[in-house]
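Novice: Mind folding the following:
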Amino acid sequence: MLLRYKNLLLPLAVFLLPFALYLRTLCPGIYPGDGPELTAAAYTLGIPHPTGYSLFMVLGFLFTHLGLGSPAFSMNLLTAIFGALACVGAYFFQKQLWALIAGKERANSLPLQSCMATVAVMLGVSSMWWDQSNETEVYSCMLVLVTFAWTLGLRLIETPTRKNFLQLCAFSGIGFLHHQLFLVTLPLTGMGALMLLREQQRAKTPYPALALRILLPAIVCFAVPLVIGLSYLPIRARALPPINSGDPSTLTRLYYHISGGQFRGTRVLTVQTAQGLHKITLSELPAHISKRTASIVEWMGKQITPGTPDNKQGGNGLAVILIACAIFGGIALLLKQRQAALGLAGVFALNFAVVVVYTIQDIEAYQLPLWTLVCCLAPLGIILGPGIFLDMLEEKEKVGWLKGMEKRAWAACGLFAILGIFSIVNYYDPALGVNKSQSDGLQLFTKVACKSLPPNAIIFTGGDYDIYPLWYTQSCEKQRPDVAIIGSNFIFSRWYASMLKATLPEGLRVFIGDEPPSSEERWLVAFMGGMLVPALESGRPMYLTSMISQTDLQIIGNTFELTPKFKLPTPLPEELEQKGIQRPELFLFELTDPKGNRTMVKERFRQTFSAQADSMMVQRVAHP
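Specialist: Residues are numbered from 1 along each chain as shown. Next up is the predicted model:
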């Protein structure tokens, strides 16, 4: 009876097993990182940081208003659902791979399907996949879209029909709504399109008919969901929501936001040095590629076992073995289905290029498609490798290389089951940061901050870690609406003016520039003269967080007076300590001007920015 329903039971098990783990280790509230901002934006139908994530925002808005719990818990739960669905996507991707190689009948055999299910679950419990599935983040949703797009791409290569191509185009339009990394699906999609074109040429379809029947509908299928989804951004930006990152209310700002324009100068082939941001030159590129390759291998080893000095080499060795098996699997696929192999090779190369070129600190999540490909191709090498090379030139017995594959499938199933169990055992400790069920640092941070601040206070934050949880507290929990939250790190982001127009207290005007400062000194002059002085003149109690750099705080304290008033729980994630990074204590400093230096600071600000000193000042604007 079970064999009859294995096509339904196995995908259900693939969903439920990792989902149960995600629920057990789910973060109960907000977690350090982008989660508080994403949650606040989804709950208020706002716009988060680039690329805007329209699909995620709409789904998040619906989910956070179902009454399942707090907005933070609801968004974490939605992310967990996406993480488990991505495991199902990995299962169907493998199933389509095996159908191409061994035929649908063998792909539906119990040994192979059990192996596929085990690999998919193992992926779901590997550290980064698991980590991105029990807190609010965009990558589990991205994995759902990528794995199912790969499945559709393989299906198009197997059966290159107009229907399959249009379905893939429509799905791709939805995928690009969510994340730019969806572009790693393009090589496989392109190979499927070439297969369809070849079929049409064999059928001697005239080019005008080809354009009318396939090309034009494909463009429509791709563009309609993409345009409808992207229209969310300017429509909501014009409504001035409380979270309005990038303010994509015009076509220029929309393109700048969805293309990540603000990151191109600082996060593309750059490296942070003691002297500042350094652009990687052509001569330095080979060394950079070598370093990134080594870090990817090390990262893959850490997906199963933590990277401590005692077992770092063991993790690397495991990664090398899996990569070697995946290479053998890719060769096996190349011998039996060249187009699919070339498409997946293009996927791997493109994802690798993105990881090399896009040099952000938290690049690991961008490597998840690479990890998925390695783990899905490795069973091909384990199961087919021994037979395919002995029989690959044999023409009389075309399926001789499939002999004994059932036994090897069970062996591969056991191997990946052991890896999955090993990962759970290694990473279940909450101190490692993957299990977030006991994480309450941000709840304590916002609770103490809200309780400590006097009425009508102004608080200046230093970065994402301290401003995002405060945004969440005001937008979602409706606490302390009297407090004005101003991010010092956004002072030269002109889009921030639109947010402040909706949130600044009446009568307060602050400076927001329109281009990056040429020096740290220029930034400090703008912050002190364009933000702190107007806030002092408003007569409201003023506070600065110690997330602002210590050098800047020292200069500000020498000019005005900074008095440490409240010690807050740090909003930084606990796993930083596992990387050897000390988490600093966080203080709120009260700022006053007993020395009467505000006039001098204001004058220097006006001299430095001349006409901009008045034209770039922002104040609250009444909005119907």
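Novice: can you confirm Ala341 is in a helix?
Specialist: Yes. With DSSP: H, G, I helix; E, B strand; the rest coil as the criterion, Ala341 is located in a helix.
Novice: Point me to the helix or strand that includes the nearest residue to it once chain neighbours are set aside.
Specialist: Take Ala341 and drop its neighbours on the chain: the residue closest to it by C-beta to C-beta, 6 or more residues apart in numbering is Leu334, 3.8 Å away. Just so you know, the C-beta spots here come from the backbone N, C-alpha and C atoms, and that holds for glycine as well. Secondary structure assigned from DSSP states H and E places Leu334 in helix 312-336.
Novice: Counting by contacts, list what that helix packs against.
Specialist: For helix 312-336, the elements it packs on are helix 71-102, helix 285-302, helix 338-357, helix 368-391, judged by 3 or more C-beta pairs under 8 Å, 6 or more residues apart in numbering; DSSP states H and E.
Novice: State the distance from the residue nearest to Ala341 to Leu322.
Specialist: 19 Å (C-beta to C-beta, to the nearest Å).
Novice: go on, Pro242?
Specialist: Distance from Pro242 to Leu322, by C-beta to C-beta: 45 Å.
Novice: same thing with Leu588?
Specialist: Leu588 sits 48 Å away from Leu322, going by C-beta to C-beta.
Novice: the more surrounded of these two?
Specialist: Leu322 (24 against 21; other C-beta atoms under 10 Å).
Novice: which SS class is Gly134?
Specialist: Just so we're on the same page, residue 134 is Asn rather than Gly. Look at Asn134: counting by three-state DSSP, its state is coil.
Novice: so what pLDDT did it get?
Specialist: Note for Asn134: predicted pLDDT of 92.
Novice: what are the phi and psi values for it?
Specialist: Here is the backbone geometry of Asn134 (degrees, to the nearest 10): phi -130, psi 20.
Novice: How about the contacts made by it?
Specialist: Residues in contact with Asn134 (C-beta atoms under 8 Å, 6 or more residues apart in numbering) are Tyr22, Thr25, Leu26, Cys27, Asn76, Thr79, Ala80, Gly83, Val434, Asn435, Lys436.
Novice: Next: Leu194.
Specialist: Residues in contact with Leu194 (C-beta under 8 Å, 6+ apart) are Gln339.
Novice: That one: helix or strand, and which one exactly?
Specialist: For Leu194, the host element (DSSP H and E) is helix 186-202.
Novice: Centre of the chain to that helix, how far?
Specialist: On the basis of C-alpha atoms, centre = their mean, to the nearest Å, helix 186-202 sits 30 Å off its chain's mean C-alpha point.
Novice: between it and helix 338-357, how many degrees?
Specialist: Computed by axes from the mean of the first three to the mean of the last three C-alpha atoms, to 10 degrees, the angle separating helix 186-202 from helix 338-357 equals 150 degrees.
Novice: Which positions within helix 186-202 qualify as buried?
Specialist: Buried positions in helix 186-202, judged by neighbour count with 16 or more other C-beta atoms under 10 Å: Leu186, Pro187, Leu188, Thr189, Met191, Gly192, Ala193, Met195, Leu196, Leu197, Gln200.
Novice: how much space between Leu12 and Ala120?
Specialist: 12 Å.
Novice: How about Pro48?
Specialist: In terms of C-beta to C-beta, Pro48 sits 29 Å off from Ala120.
Novice: Who has more neighbours out of these two?
Specialist: Ala120 (33 against 23).
Novice: elements contacting the helix or strand hosting that one?
Specialist: Ala120 is located in helix 110-125, with elements delineated by DSSP H and E. Other elements packing on helix 110-125 under the criterion 3+ C-beta pairs under 8 Å, 6+ apart are helix 6-24, helix 71-102, helix 368-391, helix 405-427.
Novice: How far off centre is the helix or strand that that helix is followed by?
Specialist: Elements were assigned by DSSP H and E; along the chain past helix 110-125, the next helix or strand is helix 127-131. Its chain's C-alpha centre and that of helix 127-131 lie 12 Å apart, by C-alpha atoms, centre = their mean.
Novice: And for stretch 217-226?
Specialist: Put simply, stretch 217-226 sits 25 Å off its chain's centre (C-alpha atoms, centre = their mean).
Novice: what comes up buried for that stretch?
Specialist: Within stretch 217-226, the residues scored as buried using 16+ other C-beta under 10 Å are Pro217, Ala218, Cys221, Phe222, Pro225, Leu226.
Novice: Mind checking which of the residues you listed are in helices?
Specialist: Among the buried residues of stretch 217-226, the members falling in helices (DSSP state H) are Pro217, Ala218, Cys221, Phe222, Pro225, Leu226.
Novice: Nearest to Pro248, out of those: which one, please.
Specialist: Leu226 (14.8 Å; C-beta to C-beta).
Novice: okay but that closest one is in contact with Gly175, surely?
Specialist: No. In this structure, Leu226 is not within contact of Gly175 by C-beta atoms under 8 Å, at 9.2 Å.
Novice: where does this structure dip in pLDDT?
Specialist: By pLDDT under 70, the weakly predicted segments of the chain are 1-6, 264-266, 272-276, 307-314, 386-403, 441, 568-585, 622-624.
Novice: redo that, cut-off 50
Specialist: By pLDDT under 50, the weakly predicted segments of the chain are 309-310, 393, 395-399, 580-583.
Novice: contact partners of stretch 471-487?
Specialist: Contacts of stretch 471-487 (C-beta under 8 Å, 6+ apart): 30, 36-37, 39-40, 43-44, 46, 64, 70-72, 242-243, 446, 449-450, 453, 455-461, 463, 467, 470, 496, 500, 503-505, 508, 510, 531, 535, 540.
Novice: Stretch 95-113 too?
Specialist: Contacts of stretch 95-113 (C-beta under 8 Å, 6+ apart): 3, 6-7, 10, 116, 151, 154-155, 157-158, 332-333, 336-337, 340, 376-377, 380, 383-384, 402, 405-407, 409-410, 413.
Novice: what do you get for stretch 60-72?
Specialist: Residues from elsewhere that reach stretch 60-72 (C-beta under 8 Å, 6+ apart): 27-30, 35-36, 38-43, 45, 74-75, 77-78, 136, 472, 476-477.
Novice: What of stretch 255-265?
Specialist: Residues from elsewhere that reach stretch 255-265, judged by C-beta under 8 Å, 6+ apart: 47, 50-52, 180, 230, 233, 245-246, 248, 360, 493, 495, 516.
Novice: try stretch 596-605
Specialist: With contact meaning C-beta under 8 Å, 6+ apart, stretch 596-605 is reached by 511, 525-526, 528-530, 532-533, 536-537, 559-560, 613.
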